[in-house]
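Q: predicted model and sequence below, questions to follow.
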Amino acid sequence: MSEGLFSKKNIGLLADPIGSNNPITVQVLGICSALAVTAQLKPAFVMALSVTVVVAFGNVIISLLRNTIPNRIRIIVQLVVIAALVIIVDQFLKAFVYDVSKQLSVFVGLIITNCILMGRLEAFALGNKPWPSFLDGIGNGAGYGLILIIIAFFRELLGSGTLWGYRIIPESWYIANGGFYSNNGMMILPPMALITVGVIIWVQRSRNPKLQEK
Amino acid sequence: MDTNGNKYTFIYASAMVILVAAILAITALKLKPAQQKNIDIEKKQNILASVGIASTFTDAETIYAERIVQSYIVNFSGEQIEGQAFDIDLKSERAKPEADRRLPVYECKTEEGTKYILPVYGAGLWGPIWGYVSVNDDMNTLYGANFAHAGETPGLGAEINTKAFQEPFKGKKIFDENGTLVSITIAKAGENAPAEHKVDGISGGTITSKGLQAMLLNDFTSYKAFFNKKKQ
């Protein structure tokens, strides 16, 4: 049976992880990095892009190899593929966006330990064809990235008064300059990222009754 | 074919590892020049920061070319020797005996006259610390300092790369009135040292502070002949 590249099923692979099966808010995977790199928008965006690239290509590679991988070492094979992709991404970041690469520091290397990657490779790519696997990877990367960017938006705006490094809250509002406003220092710290994730999960669950446990 | 046999598994694993290693090696080699360029720009930013010139990633090279009028290498006796100061790897120089070390000097033009920028390199608590120290043309008074580290503890030793720690170095003296080299003491609370040779250390970062103190003493000693030569 042949089906179109963007059949309903394939679109579902792409769209589900962004919404109703989001890796962070529904499956609660990849939380650690979501807390660590979301103090500002730019590193969050680069991190989201890096994870998307790694999970999409990791899925394709594992899917292409799925019939040749010896079952007993399949986890190791998955890990080698992920690790190699992560190192390539890291090298590219160092070459082309050096300042962001410095900000992300160890977290790029730690993409290897991101549960979303192993989860998708083991649960999806090992049993599906390359194209659906690619879509699944892009979908999960985008779902992860979307949450990262939402968190980073609020953290950077309320914590530093800037977005993408550009000043949003005018300097003259600050108490130091005779105004009435001051940044919320808590927002820059990881705990507020966790609370922000919690709020997003709350909003999503109350809007989508299917996600509520009975 | 039996994909679960021992032989197949071994061959599969070996082939995969060799292939992946080759791909990674090629990527690293291909991207090396672009990465090195970024590292060089950062180094230029740090050199400029030691004389209080702020630069961004994009304008660092232009400002550097404008301000750093000369750079050269001196030896332990203060004589200029052949070579490119910018390419010196401080880590490998420190491994040599004192007399064989090549010591880079950068001359910077500022509104307040010529400043001499000296790179310093030493050991902190967890790993190397390094930086650039600029000296006035009296070859005694510090004009500024910029320090960096590989892995000092955030909030403690890592504070050496903050403005609050670096600012007080300005105006401190390397030599006393008799011309003896005293260097700078990074002092704990209550530690006695003449004010013009003393900078406050970091609470909770004593080993890093003392490492930095040892680094400065060590490097100023290396440059002593150069200082004396320039003073005459």
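A: Perfect, I can see it now. Given the structure is predicted, the values throughout are model-derived calculations rather than measurements.
Q: for the record, mean pLDDT for the biggest helix by length in chain A?
A: Longest helix of chain A, by residue count under DSSP state H: helix A:130-160. For helix A:130-160, mean pLDDT rounds to 93.
Q: what distance separates it from the centre of its chain?
A: Distance of helix A:130-160 from the chain centroid (C-alpha atoms, centre = their mean, to the nearest Å) equals 4 Å.
Q: packing partners for that helix?
A: Where contact means 3 or more C-beta pairs under 8 Å, 6 or more residues apart in numbering or on different chains; DSSP states H and E, helix A:130-160 is packed against helix A:8-15, helix A:31-36, helix A:41-65, helix A:115-123, strand A:162-163, helix A:190-207. In short, each C-beta sits where N, CA and C put it, glycine included.
Q: of these, flag the one that's most buried.
A: helix A:41-65 (a mean of 22; mean count of other C-beta atoms under 10 Å in any protein chain shown).
Q: tell me the first helix or strand C-terminal of that one.
A: Per DSSP states H and E, the first helix or strand lying C-terminal to helix A:41-65 is helix A:74-96.
Q: next, the buried residues of the host helix or strand of B:Cys108.
A: Using DSSP H and E, B:Cys108 falls within strand B:103-110. Of the residues in strand B:103-110, B:103-108 count as buried by neighbour count, 16 or more other C-beta atoms under 10 Å in any protein chain shown.
Q: could you give the mean pLDDT of it?
A: Computed over strand B:103-110, the average pLDDT equals 91.
Q: so how far is it off the chain centroid?
A: Its chain's C-alpha centre and that of strand B:103-110 lie 14 Å apart, by C-alpha atoms, centre = their mean.
Q: check which helices and strands whichever helix or strand comes after that strand sits against.
A: The first helix or strand that comes after strand B:103-110 along the chain, using DSSP H and E, is strand B:113-123. Applying 3+ C-beta pairs under 8 Å, 6+ apart, one finds that strand B:113-123 contacts helix B:90-94, strand B:103-110, strand B:128-135, helix B:206-222.
Q: can you pull the buried residues of the shortest one?
A: Taking 16+ other C-beta under 10 Å as the basis for neighbour counts, the residues of helix B:90-94 that come out buried are B:90, B:93-94.
Q: and the last one, by the same measure?
A: For helix B:206-222, burial by neighbour count (16+ other C-beta under 10 Å) applies to B:207-213, B:215-220, B:222.
Q: contacts with chain A among the residues you listed, please.
A: When C-beta under 8 Å from any C-beta of the partner chain is applied, no member of the buried residues of helix B:206-222 is adjacent to chain A.
Q: nearest to chain A, of those residues?
A: Of all these, chain A sits closest to B:Thr208, with 18.8 Å by C-beta to the nearest C-beta.
Q: hang on, isn't the closest one packed against B:Ile202?
A: Yes. B:Thr208 is in contact with B:Ile202 according to C-beta atoms under 8 Å; the separation is 6.7 Å.
Q: overlap in contacts of these two?
A: Counting by C-beta atoms under 8 Å, 6 or more residues apart in numbering or on different chains, the contacts common to B:Thr208 and B:Ile202 are B:156-157, B:160.
Q: quick one on the thing from earlier: between the buried residues of helix B:206-222, which is nearest A:Glu213?
A: B:Thr208 (50.0 Å; C-beta to C-beta).
Q: can you report how many residues lie near B:Gly179?
A: For B:Gly179, the count of nearby residues is 10 (other C-beta atoms under 10 Å in any protein chain shown).
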